[in-house]
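K.L.:
Need a 3D model of the sequence below.
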Amino acid sequence: QMLEDPDELAVLEEIQQELILQEQLVIKEYEQSLRFDEECLNAMLEGLDATDRVICPVCRKNNLTVKAHLVYCQCGLYISTQDITEGKLRSLLESTLTEHSQRCLHSPEFTVTGGMEEESSLLMSCPVSVNVSFLE
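P.N.:
As a prediction, this is how the structure comes out:
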């Protein structure tokens, strides 16, 4: 049966336009959801990248910057090294902290030692036990 009434045709066209608008809104919401998911994924990936960083043991706030012959932090830590990588430094810090924690329940403190003429070193000391270690 053919619809010949102009009012019925107008109503059908209006319904068709509403369906098109709803479809466009659904597509827009879907695209926004995809963008949000992508932003969340990127933030998580950046967070994973950040976990590879070594946090400064002196200030415990900033990440250390490790170059081939230098370790430094925004807090002022500045130590000359010989071919150290972030992985080597992280491993050295972890093993020293693990060794300390096996003998003492307290957290050690880290400071930078050295004067004008001698090389700076990172010193780990414990205010409770007599453990003192130079990290080299």
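
K.L.:
quick one, strands of the protein?
P.N.:
65-67, 70-72, 78-80, 109-113, 121-125, 132-135 (DSSP state E).

K.L.:
With mean pLDDT and distance to Val58 as new columns, can the ones you listed be given to me in a markdown table?
P.N.:
Quick note: C-beta positions are derived from backbone N, CA and C, even for glycine. Listed next are the strands of the chain as a markdown table, based on pLDDT from 0 to 100; distance: least, CB to CB, whole Å:
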| stretch | mean pLDDT | distance to Val58 |
| --- | --- | --- |
| strand 65-67 | 83 | 13 |
| strand 70-72 | 86 | 11 |
| strand 78-80 | 83 | 10 |
| strand 109-113 | 82 | 5 |
| strand 121-125 | 81 | 8 |
| strand 132-135 | 53 | 12 |
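
K.L.:
May I see these organised as a markdown table, with distance to Pro6 and mean neighbour count added?
P.N.:
Putting those into a markdown table (distance: least, CB to CB, whole Å; neighbours: other CB atoms under 10 Å) gives the following:
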| stretch | distance to Pro6 | mean neighbour count |
| --- | --- | --- |
| strand 65-67 | 75 | 15 |
| strand 70-72 | 80 | 17 |
| strand 78-80 | 84 | 16 |
| strand 109-113 | 85 | 14 |
| strand 121-125 | 87 | 18 |
| strand 132-135 | 88 | 13 |
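
K.L.:
I'd like to know which of the ones you listed is closest to Leu45.
P.N.:
Comparison of the strands of the chain against Leu45 by CB to CB identifies strand 65-67 as nearest, at 21.0 Å.

K.L.:
and the closest one, what does it pack onto?
P.N.:
On a contact count with 3 or more CB pairs under 8 Å, 6 or more residues apart in numbering; DSSP states H and E, strand 65-67 meets no helix or strand.

K.L.:
Show me what it pairs with in its sheet, parallel or antiparallel.
P.N.:
Note on strand 65-67: by DSSP bridges, its sheet partners are strand 70-72 (antiparallel).
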